[in-house]
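**Q** Dropping the sequence and predicted coords here.
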Amino acid sequence: MSLLSSSSANLSDRMKVLLSTAIGADIQFLVGQGEEKELFRAHKCILMSASDVFVAMFRYDAQNAKAEASSTELPNPVEVPDVEAAAFKVMLSFIYADDLDEFDGNNAMAVLYAAKKYCLYGLIGQCLQEIHIPNLPNVFLGYVQARLLEFEDLSYQCLLHICQNAGQLFESEEFLQIDQNLLCELFGSDQLMISNEFAIWKSALRWADEKCRQNAIECSAENRRSALGPALFKIRFPLIETLEFSKNIVSSGVLTMEEFVGVYQFHCHPNFCGVPGLNSLKFPWNERISDWNTANGNRGTLTMEIGRFSEFAADKMWTEIRPKSNQKWLGFYLCCTAPKEDANWQSKCSATFRIVSQKHGTEDLIGKFNERITKTKNGVQGFNNFIAFSELMDPSRGLY
């Protein structure tokens, strides 16, 4: 009885048997590197039906066709060193039988890479639907790979997950394996949801010490500074309290005298940027999204997402007519509505207002401020004319 007999009830089952037994196979692939290499046998006609990449790969002239027809042996294997064997196996299962049973978080990005390499658009779509970012074994690597493969939405979601879980992820072993460029990018983000800036400093030291160990050099102040490179200047040292800064950071020896004097000057002058002559500060001081001062009050993040801007804009309560103008504007405010008896009352706030463009190649519209709301300002801070509605609803902008 044939191995492909009627006992295989449907086409999918028969294709799985064909793949697993390699009956009639006319091509083989040696996939992976080193000890992870694995040999796979397949059928050219099936692969060619799935992708034009395989069509181009198997194109040959009549002489080669005649030579292959007279040979009883399979040709030398096609070497595929840049694809993981487990991912290649998943890819073949999908090509033969639309089977993704062995697709999981451990091989998700590797399968996506293989799908992109061989232009298997159906598999790409399935991968993007099935990838669950919290299940990725290394979300930092997932972010880098998604960006290299130009999957913008996936890379954004990976970065968002990193920022929202920075406190936990920065303590992981995977964090210690990222490169300096990614470290700079993460430390430079305003969106890191982490308890305080000192936690970022501790993460930076862990990362630098790991690089020193990898290079078999002493974890000295000089070597730590060299390992961190430009990432050091993404840490917002001015936001660290003076006592903690003196006790743990100045004493580490990583900063130069000029650098820590600049931080002390900032601590002594709250309105630092307005004081002439204080220009030695080398570090940013704008606060991160979740790093608001909690000493004298509550701390938190407020987020408002508007799914359909055309419906949102139709509500007159959100519009404002500027004096001597018929133009309607979208405004954005933070304000204190509770009565405050203390005339000196103030609240520190940071806000980012972002309208995401839905049109490829068009930039998002972003406004930011990092200010103090005071009683003397009637408890209001924001944008009174962020964007005119006529511009907002312009189809060429892609903002609604």
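**A** Right, received. Where do you want to start?

**Q** Next, the contact list for Leu120, please.
**A** 50-51, 91, 94-95, 114 (CB atoms under 8 Å, 6 or more residues apart in numbering). No exception for glycine: its C-beta is placed from N, CA and C like everyone else's.

**Q** Ramachandran angles for the residue lying closest to Gln33 once chain neighbours are set aside?
**A** Nearest non-adjacent residue to Gln33, counting by CB to CB, 6 or more residues apart in numbering: Pro81, 5.1 Å away. Phi and psi for Pro81, reported as degrees, to the nearest 10, are phi -70, psi -20.

**Q** Pull up the gap between Pro81 and Gly34, please.
**A** Separation of Pro81 from Gly34 (CB to CB, to the nearest Å) stands at 9 Å.

**Q** Those two: which has the busier surroundings?
**A** Taking other CB atoms under 10 Å, Pro81 and Gly34 do not tie; Pro81 has more neighbours (11 against 6).

**Q** From Lys37, how far off is the more buried one?
**A** The spacing between Pro81 and Lys37, counted by CB to CB, is 8 Å.

**Q** Quick check: neighbours shared by those two?
**A** Shared contacts of Pro81 and Lys37, defined by CB under 8 Å, 6+ apart, comprise Val31.

**Q** Other residues contacting stretch 169-181?
**A** The set of residues external to stretch 169-181 that reach it, using CB under 8 Å, 6+ apart, is 137-141, 162, 186, 194, 199-200, 203, 206-207, 210, 227-231.

**Q** right, I mislabeled it, should have said stretch 139-147
**A** With contacts defined as CB under 8 Å, 6+ apart, stretch 139-147 is touched by 108-109, 112-113, 133, 136, 154-155, 158-159, 161-162, 169, 174-175, 177-178, 182.

**Q** For this structure, just list every one of the strands.
**A** Along the chain, the stretches classed as strands by DSSP state E are 27-31, 38-42, 78-80, 319-321, 328-335, 346-355, 365-374, 380-388.

**Q** ok now do Asn107, which residues does it touch?
**A** Contact analysis of Asn107 by CB under 8 Å, 6+ apart lists 84, 86-87, 90.

**Q** want to throw these into JSON lines with neighbour count, pLDDT and distance to Thr242?
**A** Formatted as JSON lines, the contacts of Asn107 follow (neighbours: other CB atoms under 10 Å; pLDDT from 0 to 100; distance: CB to CB, whole Å):
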{"residue": "Glu84", "neighbour count": "21", "pLDDT": "95", "distance to Thr242": "50"}
{"residue": "Ala86", "neighbour count": "20", "pLDDT": "95", "distance to Thr242": "53"}
{"residue": "Ala87", "neighbour count": "24", "pLDDT": "96", "distance to Thr242": "52"}
{"residue": "Val90", "neighbour count": "25", "pLDDT": "96", "distance to Thr242": "55"}
